[in-house]
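> Just need the structure, nothing else, for what follows:
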Amino acid sequence: MSDIIETITARDPGEKEFHQAVKEVMDSVKLVLDRNPQYERAAVLERITEPERVVTFRVPWLDDQGYVKVNRGCVIEMNSAIGPYSAALRFHPSVNQSILKFLAYEQVFKNALTGLPLGGGAGGSDFDPKGKSDNEVMHFCQNFMTELYRHISPYTDIPSGDIGCFTISLRGTVTTSPFLAVGWRIGSVISTASISPCEARIRALVASPGPQQLNRLPSKNSASFTS
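Prediction:
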């Protein structure tokens, strides 16, 4: 167990938030790992601590004074072993890759405990919406989504809002954050009634829970642990 912590520390030495999250989880599951050596042979620890995909991109936007500003956006798709990436998007100056990996890593376990077929991820930007006008927030959000939509899909991702994501006014129409625009036209007025196929499936499971939920989860002997 100490080997995996040393490995991720050496690989990404500046990601202290992520390192702490991994150490806390490893301490919590130490007895389970000791009793199940097959997890070590299947490299489960290595696989759950390495994101499936990390995407970083720039987000240029125009402020009210006519100056172009540039922020950094990032998406961490941590694990989709049991379902699509359920990821909260955070807009805050403190956002960096370490914090997003920490959030995505913990999201995997939180979602797994719900019993629903949900994976885990996280995303966001170091953009600070505090003190920004509606137009500035709109410009940033449109450009953020124009880039983000290239890397996610309504069939594999379920984005939601976190810190810095709030109900804003676009073109006089109140909308629920821009993230529901995934898979639809960017920059248009976003309907709060629009949901992705992934989210529709999850809502159906919540509305009528049954054995099919449990059947979607991997067991100790299933291929999900070895693939």
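> Buried residues of the one helix or strand Lys69 maps to, list them for me.
For Lys69, the host element (DSSP states H and E) is strand 68-79. Neighbour-count burial for strand 68-79 flags Lys69, Asn71, Gly73, Cys74, Val75, Ile76, Glu77, Met78, Asn79 (criterion: 16 or more other CB atoms under 10 Å). In this view, the C-beta of every residue, glycine as well, is placed from N, C-alpha and C.
> wait, which of those residues is closest to Tyr39?
Asn79 (14.8 Å; CB to CB).
> Could you double-check that that closest one lies in contact with Gly119?
Yes. Asn79 lies in contact with Gly119 (CB atoms under 8 Å); the separation is 5.2 Å.
> re earlier: which elements pack onto the strand holding Lys69?
Applying 3 or more CB pairs under 8 Å, 6 or more residues apart in numbering; DSSP states H and E, one finds that strand 68-79 contacts strand 53-62, strand 85-91, helix 97-113, strand 119-125, helix 134-148.
> rewinding a little: which residues do Asn79 and Gly119 both contact?
Residues touching both Asn79 and Gly119 by CB atoms under 8 Å, 6 or more residues apart in numbering: Tyr85, Val108.
> neighbours around Gly124, how many?
28 (other CB atoms under 10 Å).
> Which residue ranges make up the domains of the protein?
As given by automatic domain parsing, the domain ranges for the chain are 1-50, 51-217.
> where's the first one relative to the chain centroid, distance-wise?
Shown here is domain 1-50, whose average C-alpha point lies 20 Å from the average C-alpha point of the whole chain (CA atoms, centre = their mean, to the nearest Å).
> now stretch 143-159: mean pLDDT?
If you average the pLDDT over stretch 143-159, you get 87.
> With just CA atoms, put that stretch into PDB.
Output of stretch 143-159 as PDB, limited to C-alpha atoms (Å, rounded to 0.1, in the frame of the first residue of the first chain):
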ATOM      1  CA  ASN A 143     -16.400  29.800 -24.200                       C
ATOM      2  CA  PHE A 144     -15.900  27.200 -21.500                       C
ATOM      3  CA  MET A 145     -18.600  25.000 -22.900                       C
ATOM      4  CA  THR A 146     -17.500  25.600 -26.500                       C
ATOM      5  CA  GLU A 147     -14.200  23.900 -25.500                       C
ATOM      6  CA  LEU A 148     -15.600  21.400 -23.000                       C
ATOM      7  CA  TYR A 149     -18.200  19.900 -25.300                       C
ATOM      8  CA  ARG A 150     -15.400  18.500 -27.500                       C
ATOM      9  CA  HIS A 151     -14.300  16.200 -24.700                       C
ATOM     10  CA  ILE A 152     -17.500  15.000 -23.100                       C
ATOM     11  CA  SER A 153     -20.800  13.400 -24.300                       C
ATOM     12  CA  PRO A 154     -24.400  13.300 -23.100                       C
ATOM     13  CA  TYR A 155     -24.000   9.500 -23.300                       C
ATOM     14  CA  THR A 156     -20.900   9.200 -21.000                       C
ATOM     15  CA  ASP A 157     -21.100  12.200 -18.700                       C
ATOM     16  CA  ILE A 158     -23.500  13.700 -16.100                       C
ATOM     17  CA  PRO A 159     -22.200  17.200 -15.300                       C
END
